[in-house]
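Peer 1: the sequence and its predicted three-dimensional model are supplied below.
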Protein chains: 2
Amino acid sequence: MTDIKNKSNESKNNFRAEALVEDIPDKIIRRLPHYYIQLKNMMQKDIEYVSSEQLAKIMGFSSSLIRRDLSHFGQFGKKSYGYDVNCLYENLQLILGFGYEKTMIILGAGFLGRALANNKSYSERGYVLKGIFDKDPAIIGLEFNDIKVMDVELAPDFISRLEIDVAALAVPAEEAQKTAEMLVRAGIKGIWDFTETPVEVPDDIILIEQNMNDGLCKISCKLAQKKQSSR
Amino acid sequence: MTDIKNKSNESKNNFRAEALVEDIPDKIIRRLPHYYIQLKNMMQKDIEYVSSEQLAKIMGFSSSLIRRDLSHFGQFGKKSYGYDVNCLYENLQLILGFGYEKTMIILGAGFLGRALANNKSYSERGYVLKGIFDKDPAIIGLEFNDIKVMDVELAPDFISRLEIDVAALAVPAEEAQKTAEMLVRAGIKGIWDFTETPVEVPDDIILIEQNMNDGLCKISCKLAQKKQSSR
DNA sequence: TAGATTGTTAATCGATTAACAATC
DNA sequence: TAGATTGTTAATCGATTAACAATC
């Protein structure tokens, strides 16, 4: 039960991201990390307060949009002062779920899988890499980022035993669907999909398509437009 | 089968993608490759005509949307028959610019750069990989996908001499902006950016951010929501 | 107090969907 | 002809922006 009614009492409290908000529109979710990054910068510069107008200038959004986005999660601002940088940062961290540990594995230890293994950015977001899996005997046993590649046969047990949250799917397209089904059966909660085929999973599994093909197509299309208009 | 049609003289020319259309909204561009893929499948199954309704079922869009999207580029359909699969495919190829050769180089031959070098999908989209560059002497000279890694110092001359269209930017974040500026000076037309910092380029340069961080943040946010709602 | 800035409501803009006349 | 399906116009939906009362 979300009793949003008794807001007046708690309204002094700074820390309370009402992120209970059932469904944050994807459009908003996409902007949140960018607010987060800006606020981090400001904290490092010891800026204590920032107005929606100032943020808007830096980020290229309208100040209305920023105020509206943030109002989805509670009332973080102080009238005539703006937003408390530190407080807003902490709340965004909560909303984005960076604050608590999420476990991750990588499926497929080709070059892409290895690139992911060496990527530092997810530890900043609260992800901890727990395992890397491949089916190629020549690759099993190699070590990347201090983690030994395991046989993919061992993955289902590994996932359910360690209650792994997220799997980065970096296997060849032919194996994408099969592997995804294995992950779902084993109890994975989210799949970060780098394959080039569309993968079908049940509705309750979080699926993020990190589709590289779309980017390539977009560039190609825009080059074609350019070529035509310059003729 | 509906082969009643190979009739009408070339007076009703099939090939004419009026893609002169100045600015195709990004929302539409993103859907075009998906139409393209479906049509390719249909060609392989020797399907000659497809209605917007049939396409809609397969792709999960509304038939209205499909008709509207396609109408941006000309009138490809035949009333009461639907769309000529082959004709529509060829036109989409034209609009998406897959038909003509685009040259590409890769900047940064770490694991990510190598993954890109081995990726087959861009040759299907008309891209030809012409070079790979890195600044690390230990990497220069290695070969990936039959292409030797060159010293990044040689890149500017290489780009302008061969009139390279697109550069995949897979260098460390610290070097992203500097490298992008070099690319622009050398005359690159598009940048496919895999770095994790925002890169600034002039307006006339096509910039596609293949941002992996956003995907990670989205999963994290959705996991946090799930966690909360299950409590 | 006067000025600043929020949170929110109303207006606008853009994208999707529904409806339908045209026509094969 | 009767049925099917387009291309396009009108209606709806959702997201962004403008405006402003509340208030620090």
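Peer 2: Everything's here; your move.

Peer 1: drop to CA atoms for contacts and neighbour counts, all remaining ones
Peer 2: Fine.

Peer 1: so which elements touch the longest strand along chain A?
Peer 2: If you go by DSSP state E, chain A has its longest strand at strand A:127-134. With contacts defined as 3 or more Cα pairs under 8 Å, 6 or more residues apart in numbering or on different chains; DSSP states H and E, strand A:127-134 has these neighbours: strand A:102-107, strand A:147-151.

Peer 1: just the strands in chain A please.
Peer 2: Going by DSSP E, chain A shows strands at A:49-50, A:77-78, A:82-84, A:102-107, A:127-134, A:143-144, A:147-151, A:166-169, A:190-193, A:206-209.

Peer 1: with mean neighbour count, mean pLDDT and distance to residue A:90 as extra columns, can I get the ones you listed in a markdown table?
Peer 2: Formatted as a markdown table, the strands of chain A follow (neighbours: other Cα atoms under 10 Å in any protein chain shown; pLDDT from 0 to 100; distance: least, Cα to Cα, whole Å):
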| stretch | mean neighbour count | mean pLDDT | distance to residue A:90 |
| --- | --- | --- | --- |
| strand A:49-50 | 18 | 97 | 14 |
| strand A:77-78 | 16 | 94 | 13 |
| strand A:82-84 | 18 | 97 | 10 |
| strand A:102-107 | 23 | 98 | 18 |
| strand A:127-134 | 22 | 98 | 17 |
| strand A:143-144 | 16 | 98 | 32 |
| strand A:147-151 | 19 | 98 | 31 |
| strand A:166-169 | 26 | 98 | 23 |
| strand A:190-193 | 23 | 98 | 24 |
| strand A:206-209 | 19 | 96 | 24 |
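
Peer 1: I'd like to know which of those strands is closest to residue B:36.
Peer 2: strand A:206-209 (18.4 Å; Cα to Cα).

Peer 1: would you list the strands that the closest one pairs with, along with their directions?
Peer 2: Strand A:206-209 pairs in its sheet with strand A:190-193 (parallel), by DSSP bridges.

Peer 1: look up how far residue B:26 lies from the one residue in chain A that gets nearest to DNA strand D.
Peer 2: Residue nearest to DNA strand D within chain A: residue A:65 (4.0 Å; Cα to the nearest atom of the strand). Applying Cα to Cα, to the nearest Å, the value for residue A:65 to residue B:26 is 21 Å.

Peer 1: those two: which has the busier surroundings?
Peer 2: residue A:65 (13 against 10; other Cα atoms under 10 Å in any protein chain shown).

Peer 1: what sits against the closest residue in space to residue A:96 that isn't next to it in sequence?
Peer 2: Nearest residue to residue A:96, sequence neighbours excluded (Cα to Cα, 6 or more residues apart in numbering or on different chains): residue B:221, at 4.2 Å. Applying Cα atoms under 8 Å, 6 or more residues apart in numbering or on different chains to residue B:221 gives the contacts A:29, A:95, A:96, A:97, A:98.

Peer 1: next, count neighbours for residue A:89.
Peer 2: 20.

Peer 1: how much space between it and chain B?
Peer 2: 15 Å (Cα to the nearest Cα, to the nearest Å).

Peer 1: so what's that residue up against?
Peer 2: A:36, A:39, A:40 are the contacts of residue A:89 under Cα under 8 Å, 6+ apart.

Peer 1: quick one, helices of chain A?
Peer 2: Counting by DSSP state H, chain A has these helices, from start to end: A:7-10, A:26-44, A:52-59, A:63-71, A:85-96, A:111-118, A:121-124, A:155-162, A:173-186, A:212-229.

Peer 1: and the buried ones among the contacts of residue B:221, selectable in ChimeraX?
Peer 2: The following ChimeraX line selects those of the contacts of residue B:221 that are buried, judged by 16 or more other Cα atoms under 10 Å in any protein chain shown:
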select /A:29,95,96,97,98
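
Peer 1: can you redo the strands of chain A as CSV with distance to residue B:60?
Peer 2: Formatted as CSV, the strands of chain A follow (distance: least, Cα to Cα, whole Å):
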stretch, distance to residue B:60
strand A:49-50, 43
strand A:77-78, 41
strand A:82-84, 42
strand A:102-107, 28
strand A:127-134, 33
strand A:143-144, 40
strand A:147-151, 36
strand A:166-169, 24
strand A:190-193, 20
strand A:206-209, 16
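
Peer 1: now distance to DNA strand C too, for those strands, in a markdown table please.
Peer 2: A markdown table is the format used below for the strands of chain A (distance: least, Cα to the nearest atom of the strand, whole Å):
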| stretch | distance to DNA strand C |
| --- | --- |
| strand A:49-50 | 6 |
| strand A:77-78 | 4 |
| strand A:82-84 | 3 |
| strand A:102-107 | 30 |
| strand A:127-134 | 30 |
| strand A:143-144 | 41 |
| strand A:147-151 | 41 |
| strand A:166-169 | 27 |
| strand A:190-193 | 22 |
| strand A:206-209 | 18 |
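
Peer 1: before we move on, back to that, quick one: pLDDT of the residue of chain A closest to DNA strand D?
Peer 2: For residue A:65, the model assigns a pLDDT of 98.

Peer 1: likewise residue A:1?
Peer 2: Value for residue A:1, per-residue pLDDT: 31.

Peer 1: still on that earlier bit, residue A:201 is nearest to which of the helices of chain A?
Peer 2: Proximity to residue A:201 (Cα to Cα) singles out helix A:173-186 among the helices of chain A, at 7.3 Å.

Peer 1: quick one: contacts of that closest one?
Peer 2: Defining contact as Cα under 8 Å, 6+ apart, one finds that helix A:173-186 is touched by A:156-157, A:159-160, A:167, A:169, A:191, A:195-197, A:199-201, A:205.

Peer 1: any quick ChimeraX command for the buried ones out of those?
Peer 2: A single ChimeraX command is used to select the members of these judged buried by 16+ other Cα under 10 Å:
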select /A:156,159,167,169,191,195,196,197,199,201,205
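
Peer 1: format the contacts of helix A:173-186 as a markdown table; extra columns: distance to residue B:103.
Peer 2: Output for the contacts of helix A:173-186, formatted as a markdown table (distance: Cα to Cα, whole Å):
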| residue | distance to residue B:103 |
| --- | --- |
| A:156 | 42 |
| A:157 | 45 |
| A:159 | 42 |
| A:160 | 45 |
| A:167 | 34 |
| A:169 | 29 |
| A:191 | 33 |
| A:195 | 23 |
| A:196 | 21 |
| A:197 | 24 |
| A:199 | 30 |
| A:200 | 34 |
| A:201 | 36 |
| A:205 | 38 |
